[in-house]
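[1] Quick one, structure for this:
(chains A, B, C, D and E, ligands or ions: 12)
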Amino acid sequence: MTAEPAERLTDIGPPHYERFLPPVVKANYGKWVSHEILQPGVLVHTAESGDKIYSIRAATARLISVPKIRQFCDIADKYCDGHIRWTSRNNVEFLTTKKENVEPIKQAVEALGHPVGGTGNSITNIVHTQGWVHCHSAATDASGIVKAVMDELMDEFTNMRLPGKLRIALACCLNMCGAVHCSDIAILGIHRRPPTIDHDRLRKMCEIPNTVAACPTAAVRPVTIDGNPSVEVIEEQCMFCANCFTVCPSMPLNDPEYDGVSIWVGGKVSNARHEPTFSKLAVPYIPNNPPRWPEVVSAVKNLVTIWTDNARPYERMGEWIERIGWPRFFEMAGIDFQKEHIDDFKHAVTTYKTSAHLRF
Amino acid sequence: MTAEPAERLTDIGPPHYERFLPPVVKANYGKWVSHEILQPGVLVHTAESGDKIYSIRAATARLISVPKIRQFCDIADKYCDGHIRWTSRNNVEFLTTKKENVEPIKQAVEALGHPVGGTGNSITNIVHTQGWVHCHSAATDASGIVKAVMDELMDEFTNMRLPGKLRIALACCLNMCGAVHCSDIAILGIHRRPPTIDHDRLRKMCEIPNTVAACPTAAVRPVTIDGNPSVEVIEEQCMFCANCFTVCPSMPLNDPEYDGVSIWVGGKVSNARHEPTFSKLAVPYIPNNPPRWPEVVSAVKNLVTIWTDNARPYERMGEWIERIGWPRFFEMAGIDFQKEHIDDFKHAVTTYKTSAHLRF
Amino acid sequence: MADKTKASGKLDELKKGPYPSFVKEIEAAAETNKMAHDLIGQLELSYDEKLCHWKHGGIVGVMGYGGGVIGRYSDVPEKFPNVSHFHTLRVNQPAAWFYKTDALRKICDMWEKRGSSVLNVHGSTGDIVLLGTTTPQLEPVFNELTSLGFDLGGSGSVLRTPSCCVGPARCEWAMYDTLKYAYEMTMRYQDELHRPYFPYKFKFKFAGCPNDCVASVARADMSFIGTWKDDIQIDQDKVRWYAEERKVDIEDVVVERCPTKCMAWDGKELFIDNRNCARCMHCINVLHLALKPGKDRGCTIMLGAKAPILEGAQLSSVLVPFMRMAPPYGEDEATAEDLPELIDNIWELWGEEGKNRERVGEFIQRIGMGNFLDAIGLEPQAEMVAHPRTNPYVFYDLGKDEEEEEDE
Amino acid sequence: MADKTKASGKLDELKKGPYPSFVKEIEAAAETNKMAHDLIGQLELSYDEKLCHWKHGGIVGVMGYGGGVIGRYSDVPEKFPNVSHFHTLRVNQPAAWFYKTDALRKICDMWEKRGSSVLNVHGSTGDIVLLGTTTPQLEPVFNELTSLGFDLGGSGSVLRTPSCCVGPARCEWAMYDTLKYAYEMTMRYQDELHRPYFPYKFKFKFAGCPNDCVASVARADMSFIGTWKDDIQIDQDKVRWYAEERKVDIEDVVVERCPTKCMAWDGKELFIDNRNCARCMHCINVLHLALKPGKDRGCTIMLGAKAPILEGAQLSSVLVPFMRMAPPYGEDEATAEDLPELIDNIWELWGEEGKNRERVGEFIQRIGMGNFLDAIGLEPQAEMVAHPRTNPYVFYDLGKDEEEEEDE
Amino acid sequence: MADMVPVEEIADAMFKMIKDAAGKKQYKSMDLQKAMKELYPGRVDKQLCKAAIKQLINSGRCIYTYFGGSYIELPHVEGAANPEQTET
Ligand code: SRM
Ligand code: SRM
Ligand code: SRM
Ligand code: SRM
Ligand code: SF4
Ligand code: SF4
Ligand code: SF4
Ligand code: SF4
Ligand code: SF4
Ligand code: SF4
Ligand code: SF4
Ligand code: SF4
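    Ligands and ions are numbered 1, 2, ... in the order given. Just a heads-up that it's a prediction; the model follows:
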C-alpha cells in the first residue's frame, strides 16, 4: 500500500452538486412551474422565468462500460454543454435548453442502442442488483433476467399507453438490495436449500454467536463438531433466507438445481392515491433457466397484460388487484393459489381474510 | 349429594327449539320475505304467505330476577300465547300475530320499567359481563357502569335517529367476555398493578409451569422462596392482563386505587360495508368512580355526540373515523394522544403510519 | 336503610333513571331469597371499596360433567354467609332464545328455591346463567333442570354452548337454517360439550347472513356465516319507490357505500355488477323491500375468533368460502355433509398438537395456516387470505415440487 | 468463439434484442481490460452451471475507512486469474446524479487503468459502483478519486450514502431543497459515513414531495418526504381546459381516485375540501397545469424502512408529521434547526441499545414506539399511527399518572 | 474533566481486548466504547473512544472488517482471499 497519511485526502464527501448543475437549472433552481411530456422519453420543464429545460431520457443496462460512458459524454458535450444526469432508476438523461437538440440527441442515443422512453404511464427501467456479475449471495443473475424481460416489454418503455406507472424491480436474493419489496412487479431470486456447512472454514471465519443470532427462525444452533465449536441447521426450520451466509461465508446456500426466481406483485412507493404498500407473492418459484429465463419473461408479460387490459386509468397494479380482489387476480393470472402464498411469518395472522366479503 | 346414576339424565342437550316456536313461525319458517320497523322497538315481519309477526323489543338489565321473569311471562301469556324470546344482545322480545296487541304490550313492558326500543339505527342494549356481581377477576363493575351509561343514552335507545347502529359493550377485565373487542364503543375494565403473590397459597393451589406459561410477556418466572417452588413477576414486564391470575388464584391484581376503565372505539362485526374490525384505544384510563362512573358516562356520551353530529348516513363509528382519520378524531374528541395509544404488542409494526397521507 | 333486602348508599343511586335497574332486580329477588339479600350486601361493600370480593373456585361441578358450573366463593363470608358459596350454572339455551312461558316459570320456581333467584338472560356465550348457589345444591339443580328438559352448557376446555341468530324463524335473510344447525351440532357433540377433552374452549356460532347478528366472526372459534353465490334479486320498481316515495338518496346511501363500488344508479335502474359484489349486505339492508340476496345459498365457514388472552384477539378467518347447507347438494362443492369430518379433523389435530390453553386460532398462528390446511386436508384458496404473503420467508416444500413434477 | 473478449454460448444470446445489453458493455470494456475479459468468462461459467462463482470478502478496504469497499474473490481463480480479486468501490454520487462530462471522463480514465472498466451507474443506494478491482489497487483508486474531488460512499454498519430526487433542480413539486439536504447531511456526517459506529446500516433519502421519486419510504431508515400544510392552489380555468380540451374525465380520473374523497366537480368548478386532503398528490399529478401544492411547505420525516432481513421488511413510518425545512421558521413547530439534535438522539439511543445488525426500524419494534419516543424526547402524535392499538396489553406508566395528577 | 484517560491508553486497552478475543469474538465500535466506559468509569466518553478507534485503524494496528455487520479486528489474511496477484 502506498499510504501517505499526511497528504492523503479523506472525508471530503461528494462534489458539491452546484459544480454539475446546468446554468439554466442554477438560474431557475426551485422556480420550476410546470412540465409536459412531449413524447415518450422527452420532458420539458418550464420555470417562472419562462426558461425551459428539455430532458431526453434513455434506458441503460445500469452495468455500463467506460467506453459507453465516453460515448454518452460525447453526446452531452455536443448537445448539452457537457451536462448529463442519471435518474433514480438508472436511466440516463440528456439535458438541454434547446428544443432543436431534442431529436438529434434522441437519434444519437438510440444509435448507441439506448431506447428513449420511460416517462409517464410506461414501464421504466428495472431497478436491479448484482447477481452473478458480482455478488456472492445471488440465487439468480440480475442483469440477464432484466435484459430478457425488458427486451420483451420494450414497447411499453417507448410508449405511454399503460393505465398507470408500472415499476419492475429485481433482487437476486432475499437481502433485496433492489428494494423490490414495494414494486408493481418484483422478481426475486430465491434459494430453496438449507445452507451446507463447511465446519473447517467456519471455525476460522465465523463467529458462532453472531451466526446463531442471524437466523430469523432460530434454525441455526451452536454445536460441537470434533471437539470444535460450530453450528448446525435444523433443516425443517430453515426458510432459505441466507442471512446466516451473510454473516458466515462458510454456509453457502447456492444450488444450481433448486435456486430460482419468485414473482411478487402489487407494491408501490408513491403516496399518490393509495398508501405505499408491499408487493405480495404471485409466483412462488420458477427455476433458473439462463440465458433468457423464458418462464419468468412470460410470467411477467402475462401480469403486465392482464393489468393493462383491466385496470382503470391511473390504477397501479396493486390498486387494481385490491379492487378486483386477490382470488380474481389469481384466476385471471392463471396462477394456482398454494400453501406458499399464505403467510406464516410473524404477522401472518394480520393477512388472513377476516370477513365474509367474498366474490363468487 | 343425591346422585342416582341409573336414572340420572345427562347429555340431553337443550330443549328442541320447535317446542318453543310460535305457530306462525313454524308455519312460515324460512319463508319470511320482508320486515319493517313500525316504530322504535317494534318490528313486523311478513311471510310469503302474507302472515305477519310483530315483535316488541324491550331493554333488560340482563341481570334479572325470578319475579321479573314471571312478570314478563304474565305479559307473554296475556298477549303472545306464552311466546317470548331474548335477542343476542339481551333485549327481551314479545311476539304476537295481532297488531292490536302491540300497544298494550308496549305499555305493559314499559310499566315494568323496561323501555321499548333498540331497533334500527339506535343504541341497543350494552353487551356486558359479571363485574363485582359474580366474577373474581373484575377490575370494575359491569352492571353499574352499564346502568349509568344507558340512563344517559336512553333517548338513543327509544329513537332511531343515529347515523347507523351503535353497539356498546363492556367487559370487566381483559378476558373480554363481552367480546368488546369489536364494538363501536367498548368499555373495558383494566388493572394497572402487577399481581401480588401469596406464596403460601400459591404453593398449594397453583401449578408453576402453567402459571409461567400463562404470561404473554414472560414476566412470570419460576423461583424458589424459602426452599419452596413459587413464581416471581418482573414488574417492568407486566402489562396487567391478569392471565396469571386466571391460572393461579394466588396472584390477584385487584387494586381499588389503580383499577379502572379504558374506552375503545370503532370496532364492528357485521360485514355491511366495511369488513369486521377491532375496536381501538380511545381513552386509556378512567378511575373507578362508583356508583355512577360520571367520567366514563361523559366520555361515552361525548363519543356518541361527535359521531352523531358528523357521520354520514349508515356510517358506523369506525367507518366515520377511518374517513376523517385518527388525528382528527382525537382532536374532535378532545382526547390527548398518548404513549398508551401506540401499540407495542406483537404486531405493533403493522399499526404504524407508513405513508405521508396526512391532513393538516 | 338497615333493611338488608334493600340497597342503600351507593347502590341506591343505581335504582334511579330510565334504564332497567339491576339493583332493583336483586332487591326484588331478595324479598324472598337470602342469597340475593347477601348479594346486595357484598355488592355494596364492593362499591364502597372499589374492590371485587369473589374468590376463584375451580373445582365444583355436577357429577360426570367437566363444565357448566363456575365455582365462586365470597372472600368476606363472615359478613355475608349466604353468599359464602355463590356458584353459577350455565344452562344451555334453546336455539335462538325462543321460550314458552311454562318452561321459564318452571326454571324460575326451581331457581327461587335452590339458588339466588337472580339470573342472566343470557350470558355472553348464550347460556341462561343461573347466578349463585351453594355446592350442595348443584346436583339437585342439575337433576331438576334435566327433568325440565334442560341441560348444562359449557365451561372450561370444552365445546362451549353453540348459539345462533334468529335466522329462518323470523328473518328474511337467513341463508341457511341457523337454528337447526345450532341444535344439531349441540346434540351431536354433547360429549365434547360436557367433558373437557380439548386444549381449551371451542365455540360455534351460526349467523344466517353476513350481518352476523350473533357476532360470530368476533366470538366463535368456528363461525358459520350465511351467504349466496348468484345474483342479488332486484325489484326495480321498488328501488324507484324508495327513491321517490321514501326519498332515499340511492347514490349517496347505497351506491357510494358499496365497499366494492360495483353498483350504479341512473335515477331509474339500479345496476349491480354481481361478480364484484362482496356480499356485504349493505344495499340489501337499506333497500330491503327492493333487493334480496340470491337464491343459491349456503355459508362461509370461518375459523379462529377469540378474545385477547394469550396471543391477542383474533377475528375468524375464512376456512371454507362457500358450503352448501341444504340439499340438493352439488358434486364438486363443499356441503354440510362434509362438516362432521372437517370438524373432526380440526379437533383431532388441535387436540393432539395444541398446547394447554391454546385456542384453535392461536394454534393456527403457531403452526402456520398452510400447514394447518395440509394437516386437515383442505386445499389452500385465495379466499382465505386478505392478501398473499409480503415476506419472502417461505418454507418451500421441495418434496411437493418433485411430486408435482412426477405428476406431470 | 475462442476469443475470450467476446461472449459466446448462452451469454451471446443476451446481446440480441432492443434493450441495452450488459453483455455488450462488458465486451466493450474487455477490449482493453483483462478483468472485464475474465468477467465474461466467469459469467459464462455461471450461466452454464446456474451457479454464482464469487466468494465473500470482508476484510479489504481503504485505509482508515470502514466502508465503501465490497470485497469479492472468484472461487475459480485458476480459470479466471484476472478476477481472482474483484472488489467494488462505492463512490458517493453528487446530489441528484447531475454530472459534467469532464468529471465523468476522469473517473473513466482512472477506472480503465485501475479497475475493470465496468461500473454501475448507479447502485441501488445511489453510489457510482466501480465494479471490480484488486486489493493493491484500492488505495490508489481512492487517492485518485479524492484528487478528482470524489469520496467513497458507505458500506457496512455506517451511515449509507444519502440520496435525493431531482427536486428543485428540475421539478416544480419540490417542497424543500432535496439536493441541499442530501449534500449537507452527507457532509455533516462524513465520520459516520466512513467509520462504522452504528449497530448496522442507516440510510437517509430525500424526496421533494409525496410522489417519493427516490422510493425513500421503502428504502431509507430516515425518509424526508416533502409536503405542504395549506390549500392546494387551483386555477379553475385550467381545470376546465383539462376537461374540455384534453378530454380528461375529471370525475373518474381525479375526483373518484382521491383517497379521501374530498373533492367535487360540477363540470365547472373543482372543489377541494383541503382539511380532508391527505396530500397524496394524485389530483396535482393528473391536472398539473391547473393544480399546485400549497405554499406553506416542509416535509414529513419518516423512520425505519428496510428490506426483510431479519425481522421482515418495513416501510418508514411517521416520526415528525411536518417539519419546516427553510426559514422563516415559526415558533411552535418542528424546524430543520431541530434536525441535528433529533438525529443525534436517535443515533445515540440506537447506538447504545441496538443489537448487532439491528436496523433502527427493528429496534423500534423491539423496544416499542412509545418508549422510543420517550427516549428521544418526542411527544406521541396520532399522526404516527395508522390507528391506535387494538390490544389491551398496555404497559401503563403509573409514575406518569401520578405526576400528572400533581400537575393538576 | 482533567482526569480523562488519554486516547493512547484507551487505544491500548481496546487493542488488548481485540487481541484477547481474536478468533473468538468480533467487536463492534460500540462494544469497545461500552467496555471502556466500564473500565474507566466517568473517564472516557464517546469522542475519546472514537478517537482511539481512529488511531487503532489509522496506525494499522487494527482493521475494519465486514461480515453482515462491521467489526474491528486484528489485521489478518482473509479467509476467502485467493493467493495474492503478482501485478499491481
Ligand atoms: C427522474 C425521476 C426523479 C429522479 O430524481 O431521478 C422522476 C421524475 C418525475 N417524476 Fe417520479 N421520477 C422518478 C422516479 C420515481 C419513483 C421511484 C421509483 O420508481 O423507484 C416513483 C415511485 C414509484 C412507485 O410508486 O412505486 C415515482 C413516482 C412518481 C409519481 C407517482 C405515480 C403514481 O401514480 O403512483 C409521479 C406523478 C406522475 O407521474 O403523474 C411522478 C412524477 C414525476 C415527474 C413528472 C415530476 C416532475 O414534475 O418533474 C418527473 C417526470 C416523470 C416521468 O418520468 O414521467 N413520479 N417517480 C425518477 C425517474 C425514474 C426513471 O428513470 O424512470
Ligand atoms: C334480534 C337480532 C338477532 C337475534 O337473533 O337476536 C337482530 C335482528 C335483526 N338484525 Fe341484526 N340483530 C341482532 C343483533 C345484531 C348484531 C350482533 C350484536 O350487535 O352483537 C349485529 C352486528 C353488529 C356489529 O356489526 O357490530 C347486527 C347487525 C345487523 C345489521 C348490520 C348493521 C350495520 O350497518 O353494520 C343489520 C342490517 C340493518 O339493520 O339494516 C341487521 C338487521 C337485522 C334485522 C333487520 C334483520 C331482519 O330482517 O329481521 C333484524 C332487526 C334489526 C333491528 O333491530 O332493527 N343486523 N345485528 C339481534 C338484536 C340485538 C338487539 O337486541 O339489539
Ligand atoms: C359468564 C360469562 C360472562 C357473562 O357475564 O356473560 C363469562 C364469564 C367468565 N369467563 Fe368468559 N364468560 C362468558 C363469555 C365469554 C365470551 C363471549 C362469547 O362466548 O361469545 C368470551 C370472548 C370470546 C372468546 O371465547 O374468546 C369470553 C372470554 C373469556 C376468556 C378469554 C379467552 C381467550 O381466549 O382470550 C376467559 C379467560 C380464560 O378462558 O382463561 C374467560 C373466563 C371467564 C371466567 C370463567 C373467569 C375465569 O377467569 O375463569 C368468567 C366467570 C365469571 C363468573 O364469575 O361467572 N372468558 N368469555 C360468559 C359466559 C356465559 C355463557 O355461558 O353464556
Ligand atoms: C451494490 C448494491 C446492489 C446493487 O447492485 O445496486 C448492494 C449490494 C449488496 N448488498 Fe445491499 N446493496 C445495495 C443496496 C441495497 C438496498 C437499496 C437501497 O439502499 O436503497 C437495500 C434495501 C434497503 C435496505 O437498506 O434495507 C439493500 C439491502 C441489503 C441487505 C438487507 C438489509 C436488511 O436490513 O434487510 C443486505 C444484507 C445485510 O446487510 O446483511 C445487503 C447486503 C449487500 C451485500 C453487501 C452482500 C452481503 O451479503 O454482504 C451486497 C454486495 C454485492 C456486491 O457484490 O457488490 N443489502 N441493499 C447496492 C448498493 C449500491 C450503492 O451503494 O449504491
Ligand atoms: S440482492 Fe442479494 S445477491 Fe443481489 S446484490 Fe444484494 S445481496 Fe447480492
Ligand atoms: S438460511 Fe436463513 S433460515 Fe436457513 S439457517 Fe440460514 S439464517 Fe436460518
Ligand atoms: S370480563 Fe373478566 S371480570 Fe368480567 S366476567 Fe369475564 S373474566 Fe370475569
Ligand atoms: S398480569 Fe399478565 S403480564 Fe402481568 S405477570 Fe400476570 S400474566 Fe404476566
Ligand atoms: S344474521 Fe342475517 S339472517 Fe341472522 S338475524 Fe341477522 S340479518 Fe337475519
Ligand atoms: S351487497 Fe354490498 S358489495 Fe354487494 S352490491 Fe350490495 S353494497 Fe355492494
Ligand atoms: S419526489 Fe416530487 S419533487 Fe421529487 S422529483 Fe418526484 S415529483 Fe418531483
Ligand atoms: S392531493 Fe390527493 S388527497 Fe388531496 S385532494 Fe388531491 S387527490 Fe385528494
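[2] Any part of the lengthiest helix in chain A near chain D?
    For chain A, the helix that runs over the most residues, judged by DSSP state H, is helix A:294-310. No: if you take CB under 8 Å from any CB of the partner chain as the test, helix A:294-310 misses chain D, and the best it gets is 10.8 Å. The C-beta positions use only the backbone N, C-alpha and C, and glycine is treated the same way.
[3] how about that helix as CSV, C-alpha atoms only?
    Provided in CSV are the C-alpha atoms of helix A:294-310 (Å, rounded to 0.1, in the frame of the first residue of the first chain):
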residue,chain,number,x,y,z
PRO,A,294,-38.4,-17.7,-20.7
GLU,A,295,-40.8,-18.7,-17.9
VAL,A,296,-40.0,-15.6,-16.0
VAL,A,297,-40.4,-13.4,-19.0
SER,A,298,-43.8,-14.9,-19.9
ALA,A,299,-45.0,-14.7,-16.3
VAL,A,300,-44.1,-11.0,-16.1
LYS,A,301,-45.6,-10.4,-19.5
ASN,A,302,-48.8,-12.1,-18.5
LEU,A,303,-49.0,-9.9,-15.4
VAL,A,304,-48.5,-6.7,-17.4
THR,A,305,-51.1,-7.8,-19.9
ILE,A,306,-53.9,-8.6,-17.6
TRP,A,307,-53.3,-5.4,-15.7
THR,A,308,-53.2,-3.3,-18.9
ASP,A,309,-56.3,-4.9,-20.2
ASN,A,310,-58.3,-4.5,-17.0
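[4] The residue positioned nearest the centre of chain E: which element?
    Closest to where the C-alpha atoms of chain E average out (CA atoms, centre = their mean) is residue E:72, at 4.6 Å. Applying DSSP states H and E as the criterion places residue E:72 in strand E:69-73.
[5] Now do that strand, average pLDDT.
    Regarding strand E:69-73, the rounded mean pLDDT is 94.
[6] for that strand, packing partners?
    Applying 3 or more CB pairs under 8 Å, 6 or more residues apart in numbering or on different chains; DSSP states H and E, one finds that strand E:69-73 contacts helix E:7-21, helix E:29-39, helix E:46-58, strand E:63-67.
[7] from the chain's centre, how far out does the second one sit?
    Relative to the chain's own centre, helix E:29-39 is displaced by 10 Å; criterion: CA atoms, centre = their mean, to the nearest Å.
[8] can you tell me if it touches chain D.
    Yes: judged by CB under 8 Å from any CB, helix E:29-39 comes into contact with chain D through E:29, E:30, E:34.
[9] Looking at those, which one is closest to ligand 12?
    Checking the residues of helix E:29-39 next to chain D against ligand 12 with CB to the nearest ligand atom, the nearest one is residue E:30 at 42.7 Å.
[10] check contacts around the nearest residue to the closest one once chain neighbours are set aside.
    In space, residue E:30 comes closest to residue D:351 once its chain neighbours are excluded; the distance is 5.7 Å by CB to CB, 6 or more residues apart in numbering or on different chains. Residues near residue D:351 by CB atoms under 8 Å, 6 or more residues apart in numbering or on different chains: D:197, D:198, D:199, E:30.
[11] and which of those residues is nearest to ligand 3?
    Closest to ligand 3, out of all of these and judged by CB to the nearest ligand atom, is residue D:199, at 36.2 Å.
[12] Can you name the residues that contact whichever residue of the stretch 151-300 of chain A sits closest to ligand 7?
    The minimum distance from the stretch 151-300 of chain A to ligand 7, using CB to the nearest ligand atom, falls at residue A:218 (34.3 Å). Residues near residue A:218 by CB under 8 Å, 6+ apart: residue A:237.
[13] From ligand 11, how far out is the closest residue to residue C:133 other than its chain neighbours?
    Closest residue to residue C:133 apart from its sequence neighbours, by CB to CB, 6+ apart: residue C:115 at 4.0 Å. Going from residue C:115 to ligand 11 by CB to the nearest ligand atom, to the nearest Å gives 71 Å.
[14] Let me know whether residue C:115 touches residue C:128 as I believe.
    No: Residue C:115 is beyond contact range of residue C:128, at 11.6 Å (criterion: CB atoms under 8 Å).
[15] The nearest residue to residue E:49 once chain neighbours are set aside - how many residues pack around it?
    Leaving aside its sequence neighbours, residue E:49 sits nearest to residue E:33 (CB to CB, 6+ apart; 4.1 Å). Neighbourhood size, residue E:33 [other CB atoms under 10 Å in any protein chain shown]: 24.
[16] isn't residue E:33 right up against residue E:46?
    Yes: the criterion here is CB under 8 Å, and residue E:33 meets it with residue E:46 at 6.4 Å.
[17] got any ranges where the chain has weak pLDDT?
    Assuming you mean chain A. A:1-6 (pLDDT under 70).
[18] sorry, should have said chain E
    For chain E, residues meeting the criterion pLDDT under 70 lie at E:1-2, E:84-88.
[19] By proximity to ligand 7, which residue of it wins?
    Nearest residue of chain E to ligand 7: residue E:34, at 44.7 Å (CB to the nearest ligand atom).
[20] just the stretch 201-350 of chain A next, same as before
    For the stretch 201-350 of chain A, CB to the nearest ligand atom, closest residue to ligand 7: residue A:349, 22.6 Å.
[21] Could I get the full set of strands for the stretch 51-200 of chain C?
    With DSSP state E, counting those that start in this stretch as the criterion, the stretch 51-200 of chain C has strands at C:54-57, C:69-74, C:87-91, C:98-100, C:118-121, C:128-133, C:163-164.
[22] now for the first one, which elements pack on it?
    When you say that, I think you mean strand C:54-57. Packing contacts for strand C:54-57, counted by 3+ CB pairs under 8 Å, 6+ apart, involve strand C:69-74.
[23] who's in contact with the strand it packs on?
    B:134, B:136, C:42, C:53-62, C:80, C:83-90, C:132, C:138, C:152, C:155.
[24] from these, which would you call buried?
    The neighbour count (16 or more other CB atoms under 10 Å in any protein chain shown) marks B:134, B:136, C:42, C:53-57, C:60-62, C:80, C:83-90, C:132, C:138, C:152, C:155 as buried among the contacts of strand C:69-74.
[25] quick one on the thing from earlier: the residues of helix E:29-39 next to chain D, buried ones only, as a ChimeraX selection?
    To isolate the buried ones among these in ChimeraX, judged by 16+ other CB under 10 Å, type:
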select /E:29,30
